[in-house]
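Asks: Sequence first, predicted model second:
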Amino acid sequence: MLRKVFFPYIQGIAIGIGNIIPGVSGGTIALILGIYERLLNAITNIRLKTVISFFYIFSKRDVFLEEMKKCDVVFLMQLLLGAVTAIFSLSYFFSYLLDFHREATFSFFTGLILFSVFVPYKMLTRRSYKEWIGLIVGVIFVVLLGVMQNMQEYNAVQQLQQKEVKVEQLQSSATKTLSYIQSDGQVTFTKYVIYFLAGIIAISAMILPGISGSFVLLLIGLYYEILVALKYFYFPTLISFALGCVVGLLLFSHFLKWILKHFFNVTLAFLIGLIIGSLYCMYPFKEIFYIHNVPFYTFPKLPDINMHFFVCLILFFVAGFVVLLLEKLSQYSTQQ
């Protein structure tokens, strides 16, 4: 009994951590843990009838319980609680890691993604040219997104180096974002609508293995605003973003379930391609430019062979061990 309660909560924490780190997908973590299909089925079973059943919680208890069972609501709540725990309690910690130990952190998550590819690969029932085309398209799609983000950073560096810029003018920095979010007068209704739409886009990316919702937020320039809102509990921003996530989750999950049902192997191969392509985005060693102590990460570079490199290499292989451990735990919990 304790295992049934504890395991999904821990799995939710792992998914929450995956959604904090730019480049890591909560969907990828769910695939590694072996709960992706169950999670997708549970979400897509949430219907208007499910919401209405809450009004019959006392008068028609059997109707309510039947709807909750269809939605696997206990499992969903355990995952949600774990994910929320991770996002709120660990956002500051991972912000610190990204600021001061970025290469080591990304080395670990690169290993996590690379060693996890075999998990969905074993699920393929056919490996024809169609699947290979789907895989290649997935790889190219994510790599192009990564190149776009690199170009954004590089262009920002070029523009900022050509003129005198004050720290508070760096819109992408956490310093600017914090002062922006904490000033109620500067956050307009339009901005809340943008947060809502960002939630729809980000959660759609989070469902897909290989595409990180955090990475998409980086591309559209809202990652630091959402992260700082989490760190300092700025609820107007968080509520707008969360509502968008709920709407996006319900809409996109149905589409994904439909396409997996009708084109399982090609879709899964495409998802594997997304995971492989995300390795470009997760590559730890990149050219770094500092403008007023604010880092801008541009294009990949070869690492310097020193003690720091070997630490990153060790973390890379530790991540592989973690993947194997998570898969064993997933098999164990399934058998129970």
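Replies: That came through, no problem.
Asks: what separates the top helix by length along the chain from the chain centre, distance-wise?
Replies: Ordering each helix of the chain by length in residues (DSSP state H) puts helix 129-161 first. On the basis of Cα atoms, centre = their mean, to the nearest Å, helix 129-161 is displaced by 17 Å from the centre of the chain it belongs to.
Asks: now swap in stretch 128-147 and tell me
Replies: Stretch 128-147 has its C-alpha centroid displaced from the chain centroid by 19 Å (Cα atoms, centre = their mean).
Asks: cool, and stretch 268-282?
Replies: Centroid displacement of stretch 268-282 relative to its chain, using Cα atoms, centre = their mean, is 13 Å.
Asks: Quick one: mean pLDDT for it?
Replies: The average pLDDT within stretch 268-282 is 83.
Asks: And for residue 323, nearest residue in space, chain neighbours not counted?
Replies: Excluding its sequence neighbours, the residue lying closest to residue 323 (Cβ to Cβ, 6 or more residues apart in numbering) is residue 115, at 4.3 Å. Yep, even glycine has a C-beta here, placed from its N, CA and C like the rest.
Asks: just residue 138 next, same as before
Replies: residue 273 (2.2 Å).
Asks: Beyond the worst-scoring helix or strand of the chain on mean pLDDT, next helix or strand please.
Replies: Of all the helices and strands that make up the chain, helix 174-181 has the lowest average by mean pLDDT, DSSP states H and E, namely a mean of 42. Downstream of helix 174-181, the next assigned helix or strand under DSSP states H and E is helix 189-207.
Asks: Now that next one: buried residues?
Replies: Neighbour counts over helix 189-207 (16 or more other Cβ atoms under 10 Å) mark 191-192, 194-207 as buried.
Asks: How about stretch 78-98?
Replies: So for stretch 78-98, counting by 16+ other Cβ under 10 Å, buried means 78-80, 82-83, 86-87, 90-91, 94-95, 97-98.
Asks: low-scoring stretches of the stretch 151-300 of the chain, by residue?
Replies: Applying pLDDT under 70 to the stretch 151-300 of the chain picks out residues 156-157, 159-188, 210-212, 215, 218-221, 224, 290-297.
Asks: and the residue nearest to residue 138, how many neighbours does it have?
Replies: By other Cβ atoms under 10 Å, the residues close to residue 273 number 25.
Asks: That one touches residue 141, doesn't it?
Replies: Yes. The pair residue 273 and residue 141 passes the contact test of Cβ atoms under 8 Å, sitting 7.5 Å apart.
Asks: I figured residue 123 hits residue 269, correct?
Replies: No. At 10.1 Å, residue 123 does not count as touching residue 269 under the criterion of Cβ under 8 Å.
Asks: So if I had to pick from the two, which one is more boxed in?
Replies: Neighbour count, other Cβ under 10 Å: between residue 123 and residue 269, residue 269 has more, with 26 against 16.
Asks: element containing that one, please.
Replies: Per DSSP H and E: helix 264-282 holds residue 269.
Asks: list the buried ones in that helix?
Replies: For helix 264-282, a neighbour-count test (16+ other Cβ under 10 Å) marks 265-282 as buried.
Asks: Mind giving me the packing neighbours of it?
Replies: Helices and strands touching helix 264-282, by 3 or more Cβ pairs under 8 Å, 6 or more residues apart in numbering; DSSP states H and E, are helix 26-33, helix 102-116, helix 118-121, helix 129-161, helix 235-262.
Asks: Cool, thanks, talk later.
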